[in-house]
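In: got a predicted model here, sequence first, then my questions.
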Amino acid sequence: MIFNVSKSKLEKGNLTKDEIISLLNTNQNDIIDLMAIANSKRENNNITYSKNIFIPLTEICRNYCGYCTFRKDPNDKNAIILKDKTEIISQLKNAEIYGCKEALFTFGEQADQEKVVKIALKEKGFENMNEYIYDICESTLKNTKLLPHTNAGVLSYEEMKSLKEVNVSMGMMLENSSDRLRIIEAHINSPGKDPKVRIDTIAEAGRLKIPYTTGILIGIGETKEEIADSLLTIKNLNDKYGHIQEIIIQNFRSKKGIPMEKNPEPSLLDMIRTVSVAKLLFADISIQVPPNLNYETNQVFLLCGADDWGGISPITKDYVNPDSPWPEVDHMRNLTKDAGLNLKERLPIYNKYINETYLNDELLHRTLELKKSLN
Ligand SMILES: O=c1nc2n(C[C@H](O)[C@H](O)[C@H](O)CO)c3cc(O)ccc3cc-2c(=O)[nH]1
Ligand SMILES: C[C@H]1O[C@@H](n2cnc3c(N)ncnc32)[C@H](O)[C@@H]1O
Ligand code: MET
Ligand code: SF4
């Protein structure tokens, strides 16, 4: 028994909310048992990562998340309003030389609510943000072998339907499913972080059969109960649609000047408990832990069921966490090997989705071609 959950129930992984909460509160020997069981759930000895280039298409955003330093004000002279296509293509071509396979487009949500963005779009001949995103992804495919993955925050069914034609996968963090976070610093000024709206987006992506990356942000003022609810919410969505390819367990990193500057970062044990529980609940889905946010402690996540390091970029910074540089791939390879596991490069779409159900002919063909170049 770990707390009041029997080991056989833990092995099966169909945990109730109360059981998850008690596991999220384990300590001492119980936490070691929890880690060991989670660790035994991994399907093989491969720990994956995707070699990517991170391109922020716009820094304008309709939300004001209390933890964010990415977003810039529309009147900020240094803000990226809409990134120039010629510059993007030349960056992407350089990424190809470095062996990147993924073009990661992550940017502010519904930026076209702002006048400056509306004007910039018009100048470039686009009606709205989605037309511009589509054009950038299409140009990526035309000019390079890279595979686009777009993380644009909340999108409508119609928007995702069109972006599916030019993306092999898409994603958006659920962050947390609690309404309560909307009345505290984290999300009080962020309509796009309304869990209802986010859950709808993830469900619509499921209906559209888009391989999908989501996850939760730990340490933004949530309770253990709210973490349990969030993981179960993701589980329900995946049980219904089967499109969740990976779940990111991301730890809040404090930064100077943000509204949540004084919020404590989650403890290492909180991360360990959450990663372990996630692996128990999702035995056949990759659990991703970003290596740049846990530079000193990465290896321990390999002992509690993490399967994936996510995107690692040899050429661009993590614009969301600019103070946290990517470790070198060789460094990750060594520390993974030291734990008895193998580092393996993957594409931005996981193998089980590389088929006609999830990809059109063109994307399927290109994905299969690029897959041949993975070692
Ligand atoms: O460099 C980052 N990559 C992030 N990624 C990219 C991710 O590491 C890879 O693009 C995916 O694993 C696909 O290969 C996200 C992708 C999503 O769909 C949703 C959220 C994130 C969050 C981050 C992030 O904070 N930093
Ligand atoms: C791209 C993702 O990055 C996460 N994100 C945003 N700000 C921070 C921060 N300070 N620390 C860690 N993660 C953050 C959010 O979960 C967002 O969805
Ligand atoms: C730059 S943050 C990641 C994309 C989007 N703005 C979101 O928060 O979901
Ligand atoms: S985290 Fe994303 S949605 Fe929130 S303010 Fe930053 S860019 Fe906008």
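Out: Great, that's in hand. Ligands and ions are numbered 1, 2, ... in the order given.

In: measure the closest residue to Asp33 other than its chain neighbours to Glu11 for me?
Out: Leaving out its chain neighbours, the residue that sits closest to Asp33 by C-beta to C-beta, 6 or more residues apart in numbering is Ile2, at 5.1 Å. For the C-beta atoms, the positions are set from N, CA and C on the backbone; glycine is no exception. Ile2 is 11 Å from Glu11, where distance means C-beta to C-beta, to the nearest Å.

In: ok, Leu343 next?
Out: From Leu343 to Glu11 the distance is 27 Å (C-beta to C-beta).

In: looking at those two, which has the bigger crowd around it?
Out: More crowded of Leu343 and Glu11, by other C-beta atoms under 10 Å: Leu343, with 18 against 12.

In: the strand or helix carrying the more buried one near ligand 1 at all?
Out: Per DSSP states H and E, Leu343 falls inside strand 342-345. No. Strand 342-345 lies out of reach of ligand 1 by C-beta under 6 Å from any ligand atom, never closer than 10.6 Å.

In: and the contacts of the very next helix or strand once past that strand?
Out: Next helix or strand after strand 342-345 toward the C-terminus (DSSP H and E): helix 361-372. For helix 361-372, the surrounding residues in contact (C-beta atoms under 8 Å, 6 or more residues apart in numbering) are 101, 141, 145, 147, 165-166, 168, 347, 349, 354-356, 359.

In: ranges for the helices of the stretch 1-150 of the chain?
Out: With DSSP state H, counting those that start in this stretch as the criterion, the stretch 1-150 of the chain has helices at 7-12, 17-24, 28-39, 85-97, 115-123, 129-143.

In: up against ligand 2, what does the stretch 101-250 of the chain have?
Out: So far as C-beta under 6 Å from any ligand atom goes, the stretch 101-250 of the chain lies against ligand 2 at 106, 173, 175, 217, 250.

In: can those go into a markdown table with extra columns for pLDDT and neighbour count?
Out: Below are those laid out as a markdown table (pLDDT from 0 to 100; neighbours: other C-beta atoms under 10 Å):
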| residue | pLDDT | neighbour count |
| --- | --- | --- |
| Thr106 | 98 | 20 |
| Met173 | 98 | 18 |
| Glu175 | 98 | 25 |
| Leu217 | 98 | 22 |
| Gln250 | 98 | 23 |
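
In: and those residues near ligand 1, which?
Out: Among these, the residues within reach of ligand 1 (C-beta under 6 Å from any ligand atom) are Met173.

In: export the residues of the stretch 101-250 of the chain next to ligand 2 as JSON lines, with columns for secondary structure.
Out: Shown next, in JSON lines, are those (DSSP: H, G, I helix; E, B strand; the rest coil):
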{"residue": "Thr106", "secondary structure": "strand"}
{"residue": "Met173", "secondary structure": "coil"}
{"residue": "Glu175", "secondary structure": "strand"}
{"residue": "Leu217", "secondary structure": "strand"}
{"residue": "Gln250", "secondary structure": "strand"}
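
In: which residues of the stretch 251-375 of the chain lie near ligand 1?
Out: 288, 310-311, 318, 320, 348.

In: coming back round to it: what subset of the contacts of helix 361-372 is buried?
Out: Among those, those buried by neighbour count (16 or more other C-beta atoms under 10 Å) are 101, 141, 147, 166, 168, 347, 349, 354, 359.

In: just the pLDDT for the fifth one.
Out: pLDDT, the model's per-residue confidence, is 98 for Val168.

In: name the residues that touch the least confident helix or strand in the chain by mean pLDDT?
Out: The helix or strand of the chain with the poorest confidence is helix 7-12; it has a mean of 82 (mean pLDDT, DSSP states H and E). Contacts to helix 7-12, defined as C-beta under 8 Å, 6+ apart, come from residues 1-2, 15, 19, 33-34, 37, 280.

In: switch to 10 Å and redo it
Out: 1-2, 6, 15-16, 19, 23, 33-34, 37-38, 40-41, 276-277, 280, 283 (C-beta atoms under 10 Å, 6 or more residues apart in numbering).

In: buried set for that helix?
Out: Neighbour-count burial for helix 7-12 flags 9-10 (criterion: 16+ other C-beta under 10 Å).

In: roughly how far does whichever residue of the chain sits closest to ligand 3 sit from Ser190?
Out: Per C-beta to the nearest ligand atom, the residue of the chain with the smallest distance to ligand 3 is Gly153, at 3.4 Å. Distance, Gly153 to Ser190, using C-beta to C-beta: 10 Å.

In: what is in contact with these two at once?
Out: Common contacts of Gly153 and Ser190, defined by C-beta under 10 Å, 6+ apart, comprise 61-63, 109.

In: save those residues as a markdown table, and put in neighbour count, pLDDT and distance to Asn27 too.
Out: Shown next, in a markdown table, are the shared contacts of Gly153 and Ser190 (neighbours: other C-beta atoms under 10 Å; pLDDT from 0 to 100; distance: C-beta to C-beta, whole Å):
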| residue | neighbour count | pLDDT | distance to Asn27 |
| --- | --- | --- | --- |
| Cys61 | 24 | 98 | 38 |
| Arg62 | 18 | 98 | 40 |
| Asn63 | 17 | 98 | 35 |
| Glu109 | 23 | 98 | 37 |
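
In: residues near Met129, how many?
Out: Other residues near Met129 number 25, with proximity taken as other C-beta under 10 Å.
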